[in-house]
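Colleague: sequence below, structure please.
(chains A and B)
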Amino acid sequence: MQTDLLQEARRQAEICNACRYCEGYCSVFPALHAERAFSDGDLTQLANLCHNCRGCYYACQYTAPHEFDLNLPQALANVRQDSWEDLAFPRAAGKAFQKSGVMIALAAVIGFAFLFWAARALATQGGEGFYAVLSHNAMVAIFLPAFLFPLFSIAISLRRYWRQVGAQRLKAVHLVRAFGQAANMRNLKGGHGDGCNFEDGDRFSQGRRMAHQAVMYGFLLCFASTSVATVMHYVLNMPAPYPLWSLPKLLGVSGGLLLVVGCVEMVRLKLRADTLLGAQGAFGGEIAFVGLLGFVGLSGLVLYGLGQTAAMPVLLALHLGSVLALFLLTPFTKMAHGFYRLAALAADAQRQ
Amino acid sequence: MTSAGTNPDVVVIGGGNAALCAAITAAEAGARVLILEAAPKPYRGGNSRHTRNFRCMHQGPLGPLVDSYTEEEYLADLLKVTGGKTHEGLARLAIRTSEACLPWMEEHGVRFQPSLSGTLSLARTNAFFLGGGKGLVNAYYRTAERLGVEVVYEAQVTHLELDEDRITYVDYIRDGQIHRVTAKSVVVAAGGFQADTDWLARAWGPAARNFLIRGTPYNRGVVLADLLAQDIAQVGDPTQCHAVAIDGRAPKFDGGIVTRLDCVPFSIVVNKDAERFYDEGEDVWPKRYAIWGRLVAAQPDQVGYVIIDAKSLNLFMPSVFPPIKADTLEELAGKLDLPAEALAETVATFNAACGDTSGFHPTELDGVATTGLTPPKTNWARPITEPPFYGYSLRTGVTFTYLGLKVDENAQCAIGDRPVRNLWAAGETMAGSILGQGYLAGFGMTIGTVFGRIAGKEAAAHAN
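Modeller: Presented below is the predicted three-dimensional model:
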């Protein structure tokens, strides 16, 4: 990892440790105040525990122009971003995609092109609905590896993370606590429950927390929709298409709406927020990622709406292409942060 | 500039806690309020930026505060630190009103948090602001803006024109231009004069030029001097300031909380000649840190050096600068620019005077003392033997000055024996009315909040 980023985070953490005024904002400060000296692993853990709520920045009496020049949200974001690039497997892909919006867009276009090709090359005469464009077996052949590879990659990364931060054996109770904190985004509540500082200087708002949860739960609902459909297909022998009042459709449509609304709001908030309080150079990669995620949701909804029209084959290729890009890029884009965040929360649960 | 800008009902001079409490209270009473803050926006808030809590009376659990803290106990704590140099009527007023302040603060955006790690002793008496004083200041500015209060930053007030018993106008400089404000009521909440080194040197003596100022560089006492020159009643010892010993490497201004050093009780402290000069173990540090400002101020070049060894390093809160580290005392002396032989002799003499250290207890008066040593060390006296050795330089850090405007229970200023009809004061600038000497943690914010609200209420009532 980059020593200059770690060194700057260490310098700032030592000042915070002498002050402690921000103790109540989030999980970072109680963890920080428990140390006297900060190893690289300690800083990596603190960085991944930080949700960038920015409460500490606006409350800090040592921000520029003060000579101590504190900007802990940025210092930790830089370490966090660097840790994701560094821990990624393969590492080169982490370096390529984390910060680069252009590379993410390029990957999405390649995803579209691949699906168009697949639709032409692997079309079946006998299939119904979507399967007329791309057979079920072809879809599985494409998406099963595209789903398993990211899981494999992230498992390796999390193992590396766990070692680097010096965490102990994971117990169920740690995971329960981590999931509990992620479920309500406790660390974006600001300690007092008024929310975080993001889109309007030192004003506290629930805006980012709400947008984040819309994205997160929207994605999870979409994921649940696909999972349920898989079970219906293979276990219950009930192949698609499904009517509106079926579980896959109800989950998928509501999830898609949440995902789209959340992504639009998240981009709006990010455009209004001060980029100097986030990871330097990562803005393009973040916006492109949120854009891709929103496109997955939007294209899914449009596909549902226009599935009976002549536009369907094109829409299907676009939707599946974006899903393919999203899955394959999961370990190398902002998508990975959820896994690291859970790991950091679980490791923090061991401290308590 | 709008009409409120040059012709408000109430003009508040200053932009810290007391000023904001006054402005918010006046605006809620219907007054058009203008705040003139000398600092630029990033440095707004005066010394309130560096505060962290508010000492609050309470009959039962209140907000973050546990148990109860009665008026009598609070007053007794205050009298202990001021040695009786306290206006009891005003002190009781501040203490009694503090209880209603806490919910008022919450209603106006301030958020509290449990007592910080390392400050458990204050969990019952002091309510900590979430994010510290700057968080409080930010919340109040938000509230003030919502109420239509106008704020001008970098507005350095130079003169208040007194006509018999009324302030007729206020002049301030901004961007090199002189502006004149005519207001019905004037509230002064512009702090003390500690950031004016020349004034400090005139009051204290030339040694004060070597003092560091823990808080804002904008409290230069310009308004205070202007009013005192016009015979507005004054209070407080004009030669005195509240000072503590802080890390000698701290910046000249605005170093704040992180420059404090809590290691003195586990150390020996020497001057630049490597001689000890006071009992480092007289009492627990929170009760003694204030006298060390003066002790260091009395040493040559106003500097002291804390010497500890490896076994004491983790017994105190970390501070912003790492200690100077050396494997031998000789090397440490070199790094601290102390005479090596003298330091070795001082340490050897001290070590020889240490006795049985088995009763050592870092958080209690343990009675582990030296024998036959002058000055003695009466607690936590353990020989300094275990390398590596660590050193910090100490300098005097000024927190605030005592000279101020004398006010009555309405926060109103006076000239001779009659009140100035439209002039009120709040916060540090009048704290000398209550704090004759010493300091009680969190009491400055109590004075600012209580008298700020009173001043705002009275100023608005007068304007209406």
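
Colleague: what's around the closest residue to A:Cys26 other than its chain neighbours, how many residues?
Modeller: In space, A:Cys26 comes closest to A:Asn187 once its chain neighbours are excluded; the distance is 4.6 Å by Cβ to Cβ, 6 or more residues apart in numbering or on different chains. Heads up, the C-betas are built off the backbone N, CA and C, glycines and all. Look at A:Asn187: counted by other Cβ atoms under 10 Å in any protein chain shown, it has 23 neighbours.

Colleague: please report phi then psi for A:Asn187.
Modeller: A:Asn187 has phi and psi values of phi -80, psi 0 when expressed as degrees, to the nearest 10.

Colleague: tell me the contacts of it?
Modeller: With contacts defined as Cβ atoms under 8 Å, 6 or more residues apart in numbering or on different chains, the neighbours of A:Asn187 are A:Cys26, A:Ser27, A:Leu49, A:His51, A:Cys53, A:Gln181.

Colleague: Serialize these to CSV and add fields for neighbour count and secondary structure.
Modeller: Rendered in CSV, the data for the contacts of A:Asn187 read as follows (neighbours: other Cβ atoms under 10 Å in any protein chain shown; DSSP: H, G, I helix; E, B strand; the rest coil):
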residue, neighbour count, secondary structure
A:Cys26, 23, coil
A:Ser27, 21, coil
A:Leu49, 25, helix
A:His51, 28, coil
A:Cys53, 24, coil
A:Gln181, 19, helix
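
Colleague: farthest-separated two in the residues you listed?
Modeller: Of all pairs drawn from the contacts of A:Asn187, the widest gap by Cβ to Cβ lies between A:Cys53 and A:Gln181 and measures 13.0 Å.

Colleague: so what's the gap between the helix or strand bottoming out on mean pLDDT in chain A and the chain middle?
Modeller: Sorting the helices and strands of chain A by mean pLDDT, DSSP states H and E puts helix A:130-133 at the bottom, at a mean of 82. Centroid displacement of helix A:130-133 relative to its chain, using Cα atoms, centre = their mean, to the nearest Å, is 31 Å.

Colleague: same check, this time on stretch B:137-148
Modeller: Averaging C-alpha coordinates over stretch B:137-148 and over its chain gives two centres that are 23 Å apart (Cα atoms, centre = their mean).

Colleague: what sits up against that stretch?
Modeller: Applying Cβ under 8 Å, 6+ apart, the contact partners of stretch B:137-148 are A:58-59, A:202-203, B:4, B:16-17, B:20-21, B:23-24, B:27-28, B:32-33, B:35, B:44-45, B:48-49, B:108-111, B:151.

Colleague: pull out the buried residues from that stretch.
Modeller: Judged by neighbour count using 16 or more other Cβ atoms under 10 Å in any protein chain shown, the buried positions of stretch B:137-148 are B:Val137, B:Asn138, B:Ala139, B:Tyr140, B:Tyr141, B:Arg142, B:Thr143, B:Ala144, B:Leu147.

Colleague: how close does B:Asn7 get to chain A?
Modeller: For B:Asn7, the distance to chain A equals 29 Å [Cβ to the nearest Cβ, to the nearest Å].

Colleague: repeat for B:Arg111
Modeller: In this structure, B:Arg111 and chain A are separated by 4 Å, where distance is defined by Cβ to the nearest Cβ.

Colleague: you'd agree that residue is up against B:Leu130?
Modeller: Yes: in this structure B:Arg111 lies within contact range of B:Leu130 using Cβ atoms under 8 Å: 4.2 Å.

Colleague: list residues touching both of the two?
Modeller: With contacts defined as Cβ under 8 Å, 6+ apart, the residues shared by B:Arg111 and B:Leu130 are A:Gly191, A:His192.

Colleague: poorly predicted segments of the stretch 201-350 of chain B, please.
Modeller: Within the stretch 201-350 of chain B, the set of residues satisfying pLDDT under 70 is empty.

Colleague: alongside chain A, which residues does it contribute?
Modeller: The interface of the stretch 201-350 of chain B toward chain A, taken as Cβ under 8 Å from any Cβ of the partner chain, is made up of B:Pro251, B:Asp254, B:Gly256, B:Ile257, B:Val258, B:Arg260, B:Asn314, B:Met317, B:Pro318, B:Ser319, B:Val320, B:Pro322.
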